[in-house]
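Q: just the structure for this:
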Amino acid sequence: PGQHDRLMMWLGACWRLRDALVADRQKNRKENKVARQRDPEAPEVMLHYLNRADQYKAVTEYARRDTALSKVHSQVRQNVAVRVDEGYKRFFEAVKEGRSGVKPPKFIEFKKYRSITYPQYGSAAHIRNNKLYLSGLGEFVIYGYRKARGRKKTVTIKFKQGRWHCIVTAEMQEKDIAAPVRTDDTRPDAGIDTGLEKLMAD
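A: Have a look, this model is predicted:
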């Protein structure tokens with residue numbers, strides 16, 4: 001129960017941070033829109049749109065003001081800014097390509113914010129002897145642990161259906177996953193989602 005409470009406190013702090021960063025982006029976009037309407041001839045370079053570096057600085061400032069957020073590991077806090085930035089990148093790319101249906105990040109309910117990520121596997125987050133160590137949170141016993149192959153990159157903690165899950169992403173060489181195709185192989189290419197448990201073909 002104590003570990004659950006600490007994880008929920010971190011999750012709540014990161015959710016508040018995310019919405020604050022989204023609010024900053026929305027305010028910045030409105031200010032730039034007003035400035036452009038006021039002076040349509042002004043060069044685009046005079047407008048400043050918030051970027052990831054700007055929001056990294058904002059994260060530090062928000063952590064100074066929020067006691068709960070200040071206890072969250074710095075890498076986890078910065079990953080929140082990365083998520084918001086990636087969301088805006090997808091939106092701007094869609095606008096540029098003329099794709100509809102892609103919207104910028106917006107405010108979300110706490111129940112829909114369900115994970116935190118340590119972006120670097122190593123001293124701050126690692127697994128040894130079926131135990132997960134998270135800097136700032138302590139050690140956790142892992143049940144049903146499958147050993148991750150390859151070079152481990154990130155650790156994500158996700159709350160789903162009343163349980164906490166640990167997701168480790170790892171990078172592997174293609175040659176370690178699939179056998180090379182022979183040059184004289186005339187079979188057509190085929191693709192499959194490796195995450196599927198069952199596959200049906202007709």
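Q: could you use CA atoms for every contact and neighbour count after this?
A: OK.
Q: and the end-to-end length of stretch 158-172?
A: For stretch 158-172, the first-to-last residue distance is 23 Å (C-alpha to C-alpha, to the nearest Å).
Q: how about that stretch: buried residues?
A: 158-159, 168-169 (16 or more other C-alpha atoms under 10 Å).
Q: which parts of the chain are strands?
A: 115-118, 125-128, 131-134, 138-141, 151-160, 163-171 (DSSP state E).
Q: tally up the residues packed near V155, please.
A: The number of residues packed near V155 is 24, by other C-alpha atoms under 10 Å.
Q: my error: substitute K89 in the last question.
A: Using other C-alpha under 10 Å, K89 has 14 other residues around it.
Q: next one: R38
A: R38: 10 surrounding residues under other C-alpha under 10 Å.
Q: got the confidence number for it?
A: pLDDT recorded at R38 is 83.
Q: can I get the helix or strand bottoming out on mean pLDDT in the chain as CSV, trimmed to CA atoms?
A: Lowest on mean pLDDT, DSSP states H and E among the helices and strands of the chain sits helix 174-177, with a mean of 75. The C-alpha coordinates for helix 174-177 follow below in CSV (Å, rounded to 0.1, in the frame of the first residue of the first chain):
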residue,chain,number,x,y,z
GLU,A,174,17.8,-7.3,-36.8
LYS,A,175,20.1,-10.3,-37.2
ASP,A,176,19.3,-11.4,-33.7
ILE,A,177,15.6,-11.5,-34.4
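Q: helices of the chain, start to end?
A: Assigned by DSSP state H, the helices in the chain fall at 2-38, 52-65, 67-70, 74-97, 174-177.
Q: Throw those into TSV and include distance to K147, thanks.
A: Output for these, formatted as TSV (distance: least, C-alpha to C-alpha, whole Å):
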stretch	distance to K147
helix 2-38	23
helix 52-65	33
helix 67-70	31
helix 74-97	23
helix 174-177	15
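Q: the residue nearest the centre of the chain and P180, how far apart?
A: The centroid of the chain falls nearest to R83 when counting by C-alpha atoms, centre = their mean (4.6 Å). Remark: distance between R83 and P180 (C-alpha to C-alpha) = 35 Å.
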